[in-house]
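Colleague: here are the coordinates; sequence isn't available:
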C-alpha cells in the first residue's frame, strides 16, 4: 500500500493549471489517485491524492515553482488510506430557499442529529443581488428512513426553505 | 449450469457490438441459465448482458422484482431487445459488474416502450418506467459496446443537455 498525500491547490482560474500540475507530479514520479477539481467563484480549486517514492519535502520543492508560476496556494498533507474506499450514498437532500445566513448549518445540524453522513455537498447562490436564492444538493448515507429525515427537516419549511429527501438508487448491472 | 467469467474494463471486447440471435435452441437456453447463475453469484446486480461474459449476442436479463415499491415486469429474458419509444429523462447513479468499484451519474429516459423476443422467439412489447427502464437501458448499452462510463455526466451541468437520446 503506497503512502498517500493530499495535494491542495487554490488560485485564480486560468487555462493550463491541470496540465502543468499533473505534468510536474508525473515528472516527480508520482501516481495520482482520486481527484476533485472545481471552479468556485472564479477560483480554481483542486484536491489530488498523490502517491510516490519521493519524500514529501522533495515533492513540495518540486511543486513550489509551479504553484508560484501559476499563482496557486499549495498544501501537501499526508493522509491515511488508499483507493477503493468509497462509501455509497443512499439519500439525497435537495434544499432551496431565499438566501440567508445559517441555512447550511440548520440543515446539516438536523442531518447530523439523525446520523446522516454527508458524502457530497454542492451549493450555489442563484437569483440576483436583490433576491439571492440558495440551492444545495447533499448526498449521503443514513440508516434512518426517508420519512424520518423528511419529517425532521420539515420544520425548516416554515422558515421559507424547501427541503426534499429522495432515495439514491444505485443500479448495478 | 456454470458461473461464467465477467469481462472487466479495460477489456476491449466490452466495446464490441453484439449480433442478433437467430437460433432459439437448447444452446441458447443453456447459455441464459448460465448467465443468470453468473448474475446471482456476484454483487446484487439487477441485470446482466451476454457480452459481459464474452458472448456477443443481443441477450440481456433484467430483474428488479427484489425492490419493493418498484413497478416491474418481474424476471425478464430479453432477446434482440429494441427500444421503440423514449420519454422523459433523469439522472441516476449506476455501477456495473464490468466496472468494479466505481459508480457514476448517468442520464436515462424515465419511460420506454420496448420490443423483445423471449427464448422461444416470441415477440412481446413492454411499457416500462423508472428503475426498470433504467436497468434495461443500462443492459442494452452493453449490446452496442457501451458502458455506463461512456455516459457519465455531471449533475451540475449535464441534466440540461439531453444529448443522450437525440437522434
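Modeller: That came through fine. These numbers come from a predicted model, not from an experiment. Residues are numbered from 1 along each chain as shown, chains lettered A, B, ... in the order given.

Colleague: Alongside chain B, which residues does chain A contribute?
Modeller: A:84, A:86, A:88, A:89, A:122, A:137, A:168, A:169, A:170, A:171, A:172, A:173 (CB under 8 Å from any CB of the partner chain). Placement of C-beta: from N, CA and C, glycine included.

Colleague: Burial check on the last one, number of neighbours?
Modeller: Number of residues near residue A:173 (other CB atoms under 10 Å in any protein chain shown) recorded here: 27.

Colleague: what sits against it?
Modeller: Going by CB atoms under 8 Å, 6 or more residues apart in numbering or on different chains, residue A:173 touches B:45-49, B:62, B:94-97, B:135, B:138-139.

Colleague: of those, list those near chain A.
Modeller: Among the contacts of residue A:173, chain A is touched by B:45-49, B:62, B:94-97, B:135, B:138-139 when using CB under 8 Å from any CB.

Colleague: In strands only, show me those.
Modeller: B:47, B:48, B:49, B:62, B:94, B:95, B:96 (DSSP state E).

Colleague: isn't the fifth one right next to residue B:102, touching?
Modeller: Put plainly, it is residue B:94. No. Look at residue B:94 against residue B:102 with CB atoms under 8 Å: they stay out of range, at 9.7 Å.

Colleague: Show me which of the two is the more surrounded one.
Modeller: The residue with more neighbours, out of residue B:94 and residue B:102, is residue B:94; 27 against 14, by other CB under 10 Å.

Colleague: who does the longest strand that chain B contains touch, helix- and strand-wise?
Modeller: The single longest strand within chain B, with elements called by DSSP E, is strand B:76-87. Applying 3 or more CB pairs under 8 Å, 6 or more residues apart in numbering or on different chains; DSSP states H and E, one finds that strand B:76-87 makes contact with strand B:59-62, strand B:111-117, helix B:130-143.

Colleague: got the angle for that strand vs strand B:111-117?
Modeller: Calculated by axes from the mean of the first three to the mean of the last three CA atoms, to 10 degrees, strand B:76-87 forms an angle of 140 degrees with strand B:111-117.

Colleague: And residue B:47, how far from residue A:99?
Modeller: Distance, residue B:47 to residue A:99, using CB to CB, to the nearest Å: 43 Å.

Colleague: related to what we said a few turns ago, most widely separated two among the ones next to chain A among the contacts of residue A:173?
Modeller: B:62 and B:95 (15.3 Å; CB to CB).

Colleague: The longest strand of chain B: partners in the sheet, and parallel or antiparallel?
Modeller: strand B:59-62 (antiparallel), strand B:111-117 (antiparallel) (DSSP bridges).

Colleague: residues in contact with that strand?
Modeller: For strand B:76-87, the surrounding residues in contact (CB under 8 Å, 6+ apart) are B:20-21, B:24, B:28, B:32, B:58-63, B:109-119, B:121, B:125-126, B:136-137, B:139-140, B:143, B:165.

Colleague: cutoff 6 Å now
Modeller: The contact list for strand B:76-87, computed with CB atoms under 6 Å, 6 or more residues apart in numbering or on different chains, reads B:20-21, B:32, B:58-62, B:109, B:111-117, B:119, B:140, B:165.

Colleague: List only buried entries from those.
Modeller: Neighbour counting with 16 or more other CB atoms under 10 Å in any protein chain shown marks B:21, B:32, B:58-62, B:109, B:112, B:114, B:116-117, B:140 as buried within those.

Colleague: What are the contacting residues of stretch A:67-82?
Modeller: Contacts for stretch A:67-82 (CB under 6 Å, 6+ apart): A:1, A:4-12, A:17, A:60, A:63.

Colleague: Any buried residues in that stretch, and which?
Modeller: So stretch A:67-82, judged by 16+ other CB under 10 Å, has buried residues A:67, A:70, A:72, A:74, A:76.
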